[in-house]
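Engineer: Pasting the sequence and the predicted model now:
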Amino acid sequence: MASNPRATRAAAEISRINAFFPILTILGNRLAATRPFEGKTIAISAHLTTLTGALIRELALGGGDWVVAGANDATTDHGVVQMLRDNRITVYTRGNHADAYREALKHKPDLIADVGAALMSTLLTEQPEQASQLQGAVEVTRSGVNKMRQLESPPFGWVNINDGILKPAIENRHGVGEGLWQAVQALTGMHLSGRKVAVIGYGPVGKGVASYARAAGANCEVVEPCPIRRLIAHYDGYPTPPIDECLRRSGVVVTCTGRPAIITGEQLLSARDGIVLVNAGHGADEIDVESIRAGATKVDEVSEKVVRYTLPDGPTVVLLADGNPLNIVTNSGSPEPVLLNFALLGLTLEWLSTRHLSPGETIVSSELESAAAKLAIQALGMAHG
């Protein structure tokens, strides 16, 4: 039972979401009947939004001990934190622990569900002797997949959900594409029609952000260094100029790369005056916020999550959500694409619970994705979608 107003609000929001797309309720009922996690400890790194709260609450019905580490202070809903704690789930946030990941790993998890490979990389670099005991792990983001591939071969197996079929096609493209622009409009009041928009990165997220911008009437360009993706963007109908050219003429720029320092303070010295910067990637470092702050001669807090920086002998630059992933910070857009991906995560953990993966990367199987799709179709039918 929720014990304070913030937890009550979070629980009410989850109930509303479940009423119209009960995919996690269906999954939770299944797990409650089979209890696949009994006797195991599962650690999760996550953005602690209401959607994540809904997922973890349902997963916990499958038994086991659940430990959660907040991935980003800016995306942490403290009502969700309290709601999970009221449900006897251990939660560590970076607001009250020096390192939530280390705290979570002290519980010696059998299974890990990760975003950005935060738990897995901490385990490998700081506790390698514990890493060999891990039964298996799941990673759901491009940045996390990239990080894991750069590390030395782990002594455990991990499942890559990001490169399956469902996440790129539905959550990345439609979930982020829709939610990102809803958040921009809510914070700024801007209408996209006729505005010049630049999307940096033309992976699944970039494709969604660009297509939803164009559907809203924006004049959209794409910056993409990969020649294959750049050619695809061209044939999708987008101009593909260099980044400096885009910054000089675009009114809104969105980063969708999963890589750090794509936009720096130095690049912005020749940017269009009043340019609005938005990040749609997982991490908070695609826009080099520190270099913008360090070079600014004036800072104006326009409104919550909207800050205008005046650069020396240059333009004013508007930064949304301090460069954190805007759609996650504002929890915007339809929850359905995210919940579908969460259901796939839950099914993958259930599958892992009876296995001890061989070391290395495994792409999520078509069987698990088909099972998640069937749950989504069932949920849409129950909701009369």
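Structural biologist: Looks like it arrived, so ask away. None of these values were measured; they are calculated from a predicted model.

Engineer: all strands for the protein, in order.
Structural biologist: Along the chain, counting by DSSP state E, strands occupy 41-46, 65-70, 90-92, 111-114, 136-139, 157-160, 196-200, 219-223, 252-255, 275-279, 298-303, 306-310, 316-320, 360-363.

Engineer: Of these, give the one that comes closest to Thr240.
Structural biologist: Within the strands of the chain, the stretch nearest Thr240 is strand 219-223; the backing value is 5.3 Å (C-beta to C-beta). All C-beta spots, glycine's among them, are computed from the backbone N, C-alpha and C.

Engineer: tell me the average confidence for that closest one?
Structural biologist: Strand 219-223 shows a mean pLDDT of 98.

Engineer: what's the spacing between the residue nearest the centre of the chain and Gln130?
Structural biologist: The centroid of the chain falls nearest to His282 when counting by C-alpha atoms, centre = their mean (4.8 Å). His282 sits at a distance of 25 Å from Gln130 (criterion: C-beta to C-beta, to the nearest Å).

Engineer: Output the below-cut-off pLDDT ranges for the stretch 251-385 of the chain.
Structural biologist: Of all residues in the stretch 251-385 of the chain, those with pLDDT under 70 make up the ranges 382-385.

Engineer: go with 50
Structural biologist: For the stretch 251-385 of the chain, applying pLDDT under 50 flags the ranges 385.

Engineer: Spell out the residue ranges of the helices in it.
Structural biologist: Secondary structure of the stretch 251-385 of the chain, counting by DSSP state H, counting those that start in this stretch: helices at 265-268, 289-295, 326-329, 336-352, 366-382.

Engineer: How about the stretch 1-150 of the chain?
Structural biologist: According to DSSP H, counting those that start in this stretch, the stretch 1-150 of the chain carries its helices in the segments 5-20, 23-34, 50-59, 78-86, 100-105, 118-126, 128-131, 142-150.

Engineer: Comparing these, which comes out most buried?
Structural biologist: Highest mean neighbour count among these (mean count of other C-beta atoms under 10 Å): helix 50-59, with a mean of 24.

Engineer: circling back: list the residues that contact the residue nearest to the centre of the chain.
Structural biologist: Residues in contact with His282 (C-beta atoms under 8 Å, 6 or more residues apart in numbering) are Val115, Gly116, Thr141, Arg142, Ser143, Gly144, Gly258, Pro325.

Engineer: Skipping its backbone neighbours, what lies nearest the fourth one in space?
Structural biologist: Which is Arg142. Nearest residue to Arg142, sequence neighbours excluded (C-beta to C-beta, 6 or more residues apart in numbering): Gly258, at 4.2 Å.

Engineer: One more: the fifth one?
Structural biologist: Computed as C-beta to C-beta, 6+ apart, the closest residue to Ser143 that is not its neighbour in sequence is Gly258, at 4.2 Å.

Engineer: That concludes my questions; thank you for your assistance.
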